[in-house]
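Colleague: Structure for the following, please:
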Amino acid sequence: MSASAPLPSDTESQPSRYSYEEAIEVMGIHVPFVPEIITPKIERPMRNNRYEKGECEAVKKLVRAGDRVLELGAGLGLVSSIAAQVEGIDRVVSIEANPDLIDLIHETHRVNKITNVELRNGVVAATDSPAQDFYLRADFWASSMEPDSRPYVSVASVPGMGLDTVLNDVQPTVLIADIEGGELEVFDNSTLEGVRTIIIELHPKVYGDEGQAHIFSVFEKLGFEVHQDYLKGSVWVFERPAAPVTVASSPPFEMPSPEHKLDNPNVTIITCMKNEGPFILEWIAFHKSIGIENFVVFTNHCTDGTDLLLDRLDELGIVTHMPNPAIMMEKTYYQPIAFKYGLTMPVVRRSDYIISMDVDEFINIRAGKGHFTDLLKAAGPFHALSMSELNFTSGGHETYEDGWLTENFKTHESTRPGRWKARRGVKTILNGMGAFERPANHRPIMVPGTEDELVWVDGSGRIVPPEFAMDHDQKSYDCRGAYDLVALNHHALRSVDSYLIKMDRGDVVAKWRKVNQKYYRVRAGGDAEQGWVDHQIPAARAVEADLLADEKIAALHALCVERHKARLNEIKDQPEVKELRDWITDTYFSEAG
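Modeller: Predicted coordinates for the structure are as follows:
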C-alpha cells in the first residue's frame, strides 16, 4: 500500500496556483495531494500504489546510465521523477500539454529533490505548428487533443511542437508516451532515429482496435519488436533489437592505421551558426593559432551580419561558407543535415582530421605548447579522441561588451566533479573517416565487430571503456581524469545579455529548441579558475590582428556587434525575456549587485 507523507521539512514554497497538506507516496515518489487535480478516481490507485505502475516498473527496468529520456505526457511528474533518479542518466525531457498541471509537476520534482528534468508545456504533433487546441476535462487524465471522446470543460491553446523537431533536439534513446489517444498519428512520419526503447500507454477506447493495430504496424516497420514481458494491460514496451556484432565479409573491412600525420596535418572543423557574428573572429583566430586551418561553416536565417562576415572570410579563403542545406529541403533540423552534407565536401574528404563543434567551444590543448600536433604526440596513435566539455559561467558579466570570451570569462565548473555530476558532453577528433561506420556530431558510430582494433581515447589519452565506444547513443562521458591533455572549453552562457540573445535566436540543432532557466542553471555553477587557456591567447590575438587588418572584416565585425546590441534593445522588454533576466540576476548576481 502507498502511504501519506507529511510535507518535507525544507519545503520553501508550494505551487503558485495550488495548496496542499500532504503528499501521497507512489512507487517511492511523493506526489503533492491537491484535491482540485487529484480527484477520487485518481486518488484511489495512487494510495494503492497502482497509479502509472506499468510505466514506472518499465522505466526502472529498462532505463540505464547514459540514456536520454523523452516523455510525452508528464501527468503528475511521477514517471519523470523515477527516470531522473536512474544513476548516470544523461537527460530527461518531459512535455506536458495541460497547462493546469505544470505547477504541480514542478512541485513533485521539488519535493523529491529532482533537479535534472526539463519540463516543457506544449503539444507534440506529427509536424511543427504554432499552436494546438487542447481540451481540458474535470479529470486531468482525460484531457487530450481530441474533443469527441468525452465532454470537456474548456479549450486551451498551447504551443505546438513537431515530433521530429523535438527528437532532433533531445536525441532520446528512450521514449515514454501517455498522451490519451494522441499517439494514433504522431509517429506516422518519423523514423524515431536513435530510439532504443518505447514505453507507451495505448488507448484503444479512443481509436479502436484498428487504430491500435496501426500503431503496432508503424513501430514494426521502424524495426521495433514487442517486449515479451509486457503483453498485458494498456502499457506496452517496444524495443529495437541491437544490430548483430559481425564484421561484413564482402567487401572485407580493413581498419586504417591510427598513426598520426605530424608534418603539417590538414585539420577541418565543421560547424553551424546563426547570429553569432560578434564571436566569430575570436573563435577562428584561436583555432588557427593552434594549427587548424579549415573551417566549413553552414548558416541559416542570420540577421546580425554573421553571413556577411563569413562571406568575406570565404572570399579571402579563410573559411568555406555555405547556406545550410536544410533550408532548401524545408527541414528544421539544421545541424544533422549540414553535418551529413559537409562530410561529402572535398575540403572535408581530403582532411587528415575532422572535428564537429560549435562556435562557443574552444579546444584547450594542455599538452606541450598547446598546438594541435602537440596533442597528437602526447595522446599517441588513435582513430578517435573524445574531448570532455568544461562549462564556463557568466563570470559576473551581466552586460554584453565587445571582448574575448577566453580573456574575460574565467570561471568554470569543477574539473574534479563528484560521481553524480561527472558525465559531460563530448566532441570528437577523428583521424580520418575510414575507421568508422559513419561520423556523427558528438562521437562516431563504430563498425560492428571492430572493438579490438579501434583505438579510441579520451582527453587524457586513456582508452575509452568498451560500453562507451560500442553504444553510439552515449554522447556524454565520465570526465573524471579526462582533462590531462585537452579540454573542450564551452562558453554556452557568455554574458547575461548574450544569453538572452541566444534564447531569442533558438538553437542551430533544431528550430523549435529554446534555451531557458534549466539550461542556464546547469551551466552556471562553479567557481573554479584553472587558467589552462591563458598561454594560448597571445598567439590567437596575433592571428586576430591579421584578420582585422582587412578593412572589410573589421567593418563587418563592428556591424555584428552593433546589431547584437540592437537586438537586445528590441527584445529586452518582452515578458519572457524580462522574466528570464530577472531570474538570472536575482539568483546569480544579487550579491555582486
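Colleague: what stretches of the protein score poorly on pLDDT?
Modeller: 1-18, 141, 144-146, 149, 231-232, 243-251, 506-516, 591-593 (pLDDT under 70).
Colleague: Nearest residue to the middle of it?
Modeller: Against the mean C-alpha coordinate of the chain, by C-alpha atoms, centre = their mean, the closest residue is residue 170 at 5.2 Å.
Colleague: ok now do that residue, which residues does it touch?
Modeller: Residues near residue 170 by C-beta atoms under 8 Å, 6 or more residues apart in numbering: 68, 70, 91, 93. No exception for glycine: its C-beta is placed from N, CA and C like everyone else's.
Colleague: What is the burial count for residue 131?
Modeller: 12 (other C-beta atoms under 10 Å).
Colleague: Quickly list what it is bridged to.
Modeller: Residue 131 has these beta-bridge partners by DSSP bridges: residue 159.
Colleague: surely residue 261 meets residue 373?
Modeller: No - between residue 261 and residue 373 there is no contact under C-beta atoms under 8 Å: 9.2 Å.
Colleague: So these two - more neighbours on which side?
Modeller: Comparing residue 261 with residue 373 by other C-beta under 10 Å, the one with more neighbours is residue 373, at 20 against 14.
Colleague: give the contact list for that one.
Modeller: Contacts were defined as C-beta under 8 Å, 6+ apart; by that measure residue 373 touches 262, 265, 291.
Colleague: Identify the residues contacting the closest residue to the second one other than its chain neighbours.
Modeller: Taking C-beta to C-beta, 6 or more residues apart in numbering as the measure, residue 265 lies nearest to residue 352, with 4.5 Å between them; neighbours along the chain are not counted. For residue 352, the residues meeting the contact criterion (C-beta under 8 Å, 6+ apart) are 261, 265-267, 431-432.
Colleague: Tell me the buried residues in the longest helix along the chain?
Modeller: Assignment by DSSP state H gives helix 551-571 as the longest helix of the chain. Using 16 or more other C-beta atoms under 10 Å as the burial criterion, the residues of helix 551-571 that qualify are 553, 556-557, 559-561, 563-565, 567-568.
Colleague: which pair in those spans the largest distance?
Modeller: Across the buried residues of helix 551-571, no pair lies farther apart than 553 and 568, at 23.2 Å, counting by C-beta to C-beta.
Colleague: Which of the contacts of residue 373 sits closest to residue 239?
Modeller: When these are compared against residue 239 (criterion: C-beta to C-beta), the nearest one is residue 265, at 42.1 Å.
Colleague: okay but the closest one is in contact with residue 293, surely?
Modeller: No - here residue 265 does not reach residue 293: they are 9.4 Å apart, not a contact under C-beta under 8 Å.
Colleague: Check the spacing between residue 356 and residue 61 real quick.
Modeller: For residue 356, the distance to residue 61 (C-beta to C-beta, to the nearest Å) stands at 34 Å.
Colleague: between these two, who's got more neighbours?
Modeller: Taking other C-beta under 10 Å, residue 356 and residue 61 do not tie; residue 356 has more neighbours (25 against 14).
Colleague: Verify the stated contact: the more buried one with residue 441.
Modeller: Yes - assessed by C-beta under 8 Å, residue 356 is found in contact with residue 441 at 4.9 Å.
Colleague: so what sits against both of the two?
Modeller: Joint contacts of residue 356 and residue 441 (C-beta under 8 Å, 6+ apart) are 339, 427.
Colleague: so residue 364 bridges to which residues?
Modeller: With DSSP bridges as the rule, residue 364 is bridged to residue 487.
Colleague: Now do it against residue 151, distance only.
Modeller: Plainly put, residue 364 is 60 Å away from residue 151 if you go by C-beta to C-beta.
Colleague: go on, residue 254?
Modeller: In terms of C-beta to C-beta, residue 254 sits 67 Å off from residue 151.
Colleague: With residue 228 instead?
Modeller: 39 Å.
Colleague: Ok, residue 263 next?
Modeller: 76 Å.
Colleague: okay, the two: which has more neighbours?
Modeller: residue 151 (10 against 6).
Colleague: Appreciated, that's everything.
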